[in-house]
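Chemist: no FASTA, just this:
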């Protein structure tokens, strides 16, 4: 079975807070949840999201892609990105919470429910860009699905320039638009080498984390019929 996006859930915070919760469509057992978070100025603390939890299992099963955690400080303000995931989820998860190291402002969390990601080896590779680009698109570091076909790519960025609004995903990726406007998050189902990026704005400094998830089918949980008994 090919990888497919089942549900997209989002929440956006405003003033400073120590956590942000997104209400999700009840999960289907066996799927994977991917939580992509962007937020600003966590007391200029480089930790960012210290845990991700859900209403059924708490923090159990949630894994942080440390290589995708980035921050970029400009003018005393720090901007952060984080990607977490949980495979083979139970049915009935209806909320996911990002818990921050300090207090976060302008936080956004997208939680994607994806069918078809491998449970045993879910992540193929990751990338992280942190720097400045001038002119659109504002790209991250390319990453590849390797020998896998139809992999699930995700990316999250966070521009530091005041008033900068990225308007859409670039390079063929699909935009995930924040409730307050702007596109900081995106995904793509593809093969080979892909470059995450966003359109809009002029010169801007930002972190951009990305990951590729493995589309290898999981073992079937269905029990094969007992042919010996059938032909007695």
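Modeler: In hand now; what should we look at? It should be emphasised that the depicted structure is a prediction, and the values quoted were computed from it without experimental measurement.
Chemist: and residue 98, which of the three is it?
Modeler: The local conformation at residue 98, judged by DSSP: H, G, I helix; E, B strand; the rest coil, is strand.
Chemist: and it, how far is that from residue 120?
Modeler: 26 Å (C-beta to C-beta, to the nearest Å). Every C-beta, even on glycine, is put in place using the N, C-alpha and C of the backbone.
Chemist: Of those two, give the one with the bigger neighbour count.
Modeler: Shown here are residue 98 and residue 120; by other C-beta atoms under 10 Å, residue 98 has more neighbours (29 against 10).
Chemist: contacting residues around that one?
Modeler: 19, 20, 21, 35, 37, 39, 49, 52, 82, 84, 107, 109 (C-beta atoms under 8 Å, 6 or more residues apart in numbering).
Chemist: Bridging across strands, which residues link to it?
Modeler: Counting by DSSP bridges, residue 98 is bridged to residue 20, residue 52.
Chemist: coming back round to it: mind picking the two most distant members of the contacts of residue 98?
Modeler: 21 and 82 (15.3 Å; C-beta to C-beta).
Chemist: Counting neighbours, go ahead and name the busier of those two.
Modeler: When neighbours are counted by other C-beta under 10 Å, residue 21 and residue 82 differ, and residue 82 comes out ahead with 28 against 17.
Chemist: Secondary structure element holding the more buried one?
Modeler: Counting by DSSP states H and E, the element that carries residue 82 is strand 77-86.
Chemist: That strand - contacts with which helices or strands?
Modeler: Applying 3 or more C-beta pairs under 8 Å, 6 or more residues apart in numbering; DSSP states H and E, one finds that strand 77-86 makes contact with strand 32-40, strand 49-54, strand 63-64, strand 70-74, strand 95-115, strand 151-157, strand 204-213.
Chemist: Tabulate these in CSV, adding columns for mean pLDDT.
Modeler: Converted to CSV, the helices and strands packed on strand 77-86 look like this (pLDDT from 0 to 100):
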stretch, mean pLDDT
strand 32-40, 93
strand 49-54, 93
strand 63-64, 96
strand 70-74, 70
strand 95-115, 91
strand 151-157, 97
strand 204-213, 93
